[in-house]
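Chemist: Next come a sequence and a model predicted from it.
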Amino acid sequence: MKYSTIFINGQAFNCSKSVSLKDLLIYLDFDVDLVAIEYNKEILDNSRFDSIFPKSQDNIEIITIVGGG
């Protein structure tokens, strides 16, 4: 299996080249409906998470949305 080294919130992370951004977020235990993603300096709509497959050296910033009152 081939792996890519990507950067998540500034930390190196090795993942399969065939994993989608959505599957990666689920693997990392994020609720895909409660995150904002910056992918290589572009803010993504969560409808695109299934169609993006991170490549080596890509940068992903994950911001969790927290509700409260």
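Modeler: Received the coordinates, thanks.

Chemist: if we look at stretch 23-38, which residues are touching it?
Modeler: With contacts defined as CB atoms under 8 Å, 6 or more residues apart in numbering, stretch 23-38 is touched by 8, 15, 19, 21-22, 43-44, 46, 49, 54, 59-66. Glycine gets a C-beta too; all of them are placed from N, C-alpha and C.

Chemist: quick one: terminal-to-terminal distance for it?
Modeler: 16 Å (CA to CA, to the nearest Å).

Chemist: how far does it sit from the chain's center?
Modeler: 6 Å (CA atoms, centre = their mean, to the nearest Å).

Chemist: Helix, strand or coil: sort out Ala36 for me.
Modeler: Counting by DSSP: H, G, I helix; E, B strand; the rest coil, the backbone at Ala36 sits in strand.

Chemist: In helices only, show me the contacts of stretch 23-38.
Modeler: Those of the contacts of stretch 23-38 mapping onto helices are 21-22, per DSSP state H.

Chemist: Low-confidence ranges, the protein, go.
Modeler: 1, 69 (pLDDT under 70).

Chemist: try it again with 80
Modeler: The model of the chain has pLDDT under 80 over residues 1, 66-69.

Chemist: Which parts of it are strands?
Modeler: Along the chain, the stretches classed as strands by DSSP state E are 3-8, 11-16, 35-39, 42-44, 59-64.

Chemist: Just checking: what are the partner strands of the third one?
Modeler: Looking at strand 35-39 with DSSP bridges, its partner strands are strand 42-44 (antiparallel), strand 59-64 (antiparallel).

Chemist: From the contacts of stretch 23-38, list just the buried residues.
Modeler: 8, 15, 19, 21-22, 44, 49, 54, 60 (16 or more other CB atoms under 10 Å).

Chemist: Between which two of those is the distance greatest?
Modeler: Farthest pair in these (CB to CB) is Cys15 and Leu44. Separation: 16.9 Å.

Chemist: in the chain, which residue is closest to the centre?
Modeler: Leu21 (4.7 Å; CA atoms, centre = their mean).
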